[in-house]
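Participant: Sequence and predicted model, in that order:
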Amino acid sequence: MNTEPRPAQSARASESGVPGPAPRIVRTVAELKTASRKLLEAAGRVGEEGAEPVSLGLVPTMGALHSGHATLIRQARAENDVVVVTVFVNRLQFDDPADYERYPRTLDADAALAGEAGADVVFAPEEHEVYPDGTPRVLVSAGDLGARFEGRSRPGHFDGMLAVVAKLLHYGNPEAATAVPTPYRAYFGQKDAQQLAIVQRLVKDLAYPVEIRPVPIVRAEDGLALSSRNQFLTDEDREAALVLSRALFLMKERAESRLPLQPDDAVALIASEPRVELDYFEIVDPETLQVLAFNCQDTPFTGTALALVAARVGSVRLIDNMPLTDGVR
């Protein structure tokens, strides 16, 4: 199977970049598989001997799409023949029922944005389609990776996330629709760094036949990481929230200069903003998420790391992160 991404010829967009037809919205797994099969067959000679395999890119989301999601979709479009975007607000990821209820449901706007970015299909199932028996009795555990940071602040969040991601990766598998080897890639933003690490571990440990493609964080011009939650910030809180990215970029500059990181300086910077209540600021190993107890304080930074931050700004909880390298790699 060809596992290297290759430029795909979009069935939906011309070389001029003008968007093609609106994506098809499907509500059931059966409809998704039928739509995927037809699109893959239209994109190439599926299963024909000697034919280069066509590919499918999956972009799982909870909706309320913004330009950060559009970046994920555009990358999937560039690397695959068929692109599927999922829109499902997953109740199991919310520890606060009120937070779940107020999460934006904007399917028409989501489909429009997804189509402009290059999606062929939007899979927007109802809860009974994903969880036909109600809350699952058997769940995939995020284990130690899910017990710290966001998992500590939101108990059960990552197990709930894996419950739906495990299903969505299964639903989107093109080989289930075509019965022939078909390169399959799923796209996740690096903004949710802990989620990304856990999904990568899920795929590796349970041998899912999909390549996880991380996509860098998209930031506003002022540095704030794009998030569906930003819409709940007041103007004053949004201005205050910029201290989070400033703290992260401070760590990035020191890492690239091979200086001691001294993360306490970043913590102090955040503490200087009275509208921001810090939950955590940590420097961790990018794969294991273990806190780095060395190479951060008094010695020059070398290697790679990941700076993680979470804070409450007004009534809104925000997360952000920054990959760190020593400037040599």
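Facilitator: Perfect, thanks for sending it.

Participant: so after the longest helix along the chain, what's the next helix or strand?
Facilitator: The residue-count maximum for a helix in the chain (DSSP state H) belongs to helix 235-256. Toward the C-terminal end, the helix or strand that comes next after helix 235-256 (DSSP states H and E) is helix 263-271.

Participant: Give me the contact list for stretch 234-242.
Facilitator: Residues outside stretch 234-242 that contact it (Cβ atoms under 8 Å, 6 or more residues apart in numbering): 222-224, 230, 233, 273-276, 311, 313-314, 316, 318. From N, CA and C alone the C-beta is placed, and that goes for glycine too.

Participant: In it, which residues are buried?
Facilitator: Of all the residues in stretch 234-242, those buried under the rule 16 or more other Cβ atoms under 10 Å are 237-238, 240-242.

Participant: Go through those residues and say which is closest to residue 152.
Facilitator: Residue 152 has its nearest neighbour among these in residue 241, at 21.4 Å by Cβ to Cβ.

Participant: Please name the spatially closest residue to the closest one (chain neighbours excluded).
Facilitator: residue 313 (4.5 Å; Cβ to Cβ, 6 or more residues apart in numbering).

Participant: so what's the one you found bridging to?
Facilitator: residue 276, residue 316 (DSSP bridges).

Participant: so it makes contact with residue 279?
Facilitator: No - when contacts are counted by Cβ atoms under 8 Å, residue 313 is not listed as touching residue 279 (10.9 Å).

Participant: and these two? which has more neighbours close in?
Facilitator: residue 313 (25 against 16; other Cβ atoms under 10 Å).

Participant: what about stretch 128-135, how long is it end to end?
Facilitator: 10 Å (Cα to Cα, to the nearest Å).

Participant: what about it, distance to the chain center?
Facilitator: 23 Å (Cα atoms, centre = their mean, to the nearest Å).

Participant: for stretch 69-83, same thing?
Facilitator: Worked out by Cα atoms, centre = their mean, stretch 69-83 lies 13 Å from the chain centre.

Participant: Flag every buried residue along it.
Facilitator: Neighbour-count burial for stretch 69-83 flags 69-77, 79-83 (criterion: 16+ other Cβ under 10 Å).

Participant: Next step: those residues restricted to strands.
Facilitator: Among the buried residues of stretch 69-83, DSSP state E puts 82-83 in strands.

Participant: ok, of the buried residues of stretch 69-83, which one's closest to residue 186?
Facilitator: For these, the closest approach to residue 186 (Cβ to Cβ) belongs to residue 76, at 8.6 Å.

Participant: For the buried residues of stretch 69-83, work out which two are farthest apart.
Facilitator: Once Cβ to Cβ is applied, the buried residues of stretch 69-83 give 69 and 81 as the farthest pair, at 20.3 Å.

Participant: possible to save the buried residues of stretch 234-242 as JSON lines with distance to residue 131?
Facilitator: Formatted as JSON lines, these follow (distance: Cβ to Cβ, whole Å):
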{"residue": "237", "distance to residue 131": "34"}
{"residue": "238", "distance to residue 131": "35"}
{"residue": "240", "distance to residue 131": "38"}
{"residue": "241", "distance to residue 131": "34"}
{"residue": "242", "distance to residue 131": "39"}
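
Participant: Give me the pLDDT for the residue nearest to residue 241.
Facilitator: At residue 313, the model reports a pLDDT of 98.

Participant: residues touching it, list them.
Facilitator: So residue 313 contacts 233, 237-238, 240-241, 244, 275-277 (Cβ under 8 Å, 6+ apart).

Participant: Only the buried members of the contacts of stretch 234-242: can you turn that into a PyMOL selection?
Facilitator: Here is the PyMOL command that selects only those of these that count as buried (16+ other Cβ under 10 Å):
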select buried, resi 224+230+233+273+275+276+311+313+314+316+318
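
Participant: just the helices in the protein please.
Facilitator: Taking DSSP H as the criterion, the chain carries its helices at 29-43, 67-79, 97-102, 107-117, 127-130, 150-153, 157-172, 174-178, 193-205, 235-256, 263-271.

Participant: For the last one, list every residue counted as buried.
Facilitator: Same thing as helix 263-271. In terms of neighbour count (16+ other Cβ under 10 Å), helix 263-271 has its buried residues at 263, 266-267, 269-270.

Participant: Right, I'll call it a day here.
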